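Undergrad: predicted structure and sequence below. I'll ask about it afterward.
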Amino acid sequence: MAAVKKHILVALVENKPGVLNRMSSLFRRRGFNIESIAVGRSEQEHLARMTICVLGTDEQIEQLRKQMDKVIDVIKVTDVTGPRSIVRELALIKVNSTAATRSEIMQIINVFRAKTVDVASDSLTVEITGDDDKIESLYNLLRPYGVKELNMTGTIAILRG
């Protein structure tokens, strides 16, 4: 039996209304849950780049990729899963902080090379970029202090070279 794993699909699409809806509808019709999706402009003015993370077997994802290629407004779809990819995500984490805990939290943040982007009397907001494991590790270390809010961008990826 084939193993289910996380795949990262990058689609170069026309940058116009309705494209995101058509793509998400395709995933829904095929019974796939989108783990994360990030969409933004590309190096070409009229095109956008979608990075979609989805769980499935290699065979299921290849079939899905072929279906995505058939969607109007889709220029190209690439499965960038694997060691040749640079994968990043951005997270903002707001954590409870008092005068007594602030220095401990700052030490943890520094270990992860994260940035403090806001300091309030009762909280710190941290910005971290990295892969899922790095963000999850920092989040787990900050949880005992009381995470007030977590906001993540979704995965983006690009092939090396």
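TA: Perfect, I can see it now.

Undergrad: just the helices in this structure please.
TA: 19-29, 58-69, 102-111, 132-142 (DSSP state H).

Undergrad: make a markdown table from these and add mean neighbour count, mean pLDDT and distance to residue 8 to it.
TA: Every residue, glycine included, has its C-beta placed from N, CA and C. As requested, the helices of the chain are arranged in a markdown table below (neighbours: other Cβ atoms under 10 Å; pLDDT from 0 to 100; distance: least, Cβ to Cβ, whole Å):
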| stretch | mean neighbour count | mean pLDDT | distance to residue 8 |
| --- | --- | --- | --- |
| helix 19-29 | 15 | 93 | 14 |
| helix 58-69 | 15 | 94 | 10 |
| helix 102-111 | 14 | 96 | 27 |
| helix 132-142 | 16 | 97 | 11 |
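
Undergrad: could I get the ones you listed as TSV with distance to residue 42?
TA: Listed next are the helices of the chain as TSV, based on distance: least, Cβ to Cβ, whole Å:
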stretch	distance to residue 42
helix 19-29	13
helix 58-69	16
helix 102-111	32
helix 132-142	23
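
Undergrad: give me phi/psi at the residue located most distally from the centre of the chain?
TA: The centre of the chain is farthest from one residue, residue 100, which by Cα atoms, centre = their mean lies 33.2 Å away. Dihedral pair for residue 100: phi -70, psi -30, per degrees, to the nearest 10.

Undergrad: closest to residue 44 out of the helices of the chain?
TA: In terms of Cβ to Cβ, the element of the helices of the chain nearest to residue 44 is helix 19-29, at 14.4 Å.

Undergrad: dump the C-alpha coordinates for the closest one into CSV.
TA: Output in CSV follows, covering the C-alpha atoms of helix 19-29 (Å, rounded to 0.1, in the frame of the first residue of the first chain):
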residue,chain,number,x,y,z
VAL,A,19,-8.7,31.3,-10.2
LEU,A,20,-8.3,30.5,-6.5
ASN,A,21,-12.0,29.4,-6.4
ARG,A,22,-11.6,27.1,-9.3
MET,A,23,-8.5,25.5,-7.8
SER,A,24,-10.0,25.0,-4.4
SER,A,25,-13.1,23.6,-6.0
LEU,A,26,-11.0,21.0,-7.8
PHE,A,27,-9.5,19.9,-4.5
ARG,A,28,-12.9,19.7,-2.9
ARG,A,29,-14.4,17.7,-5.7
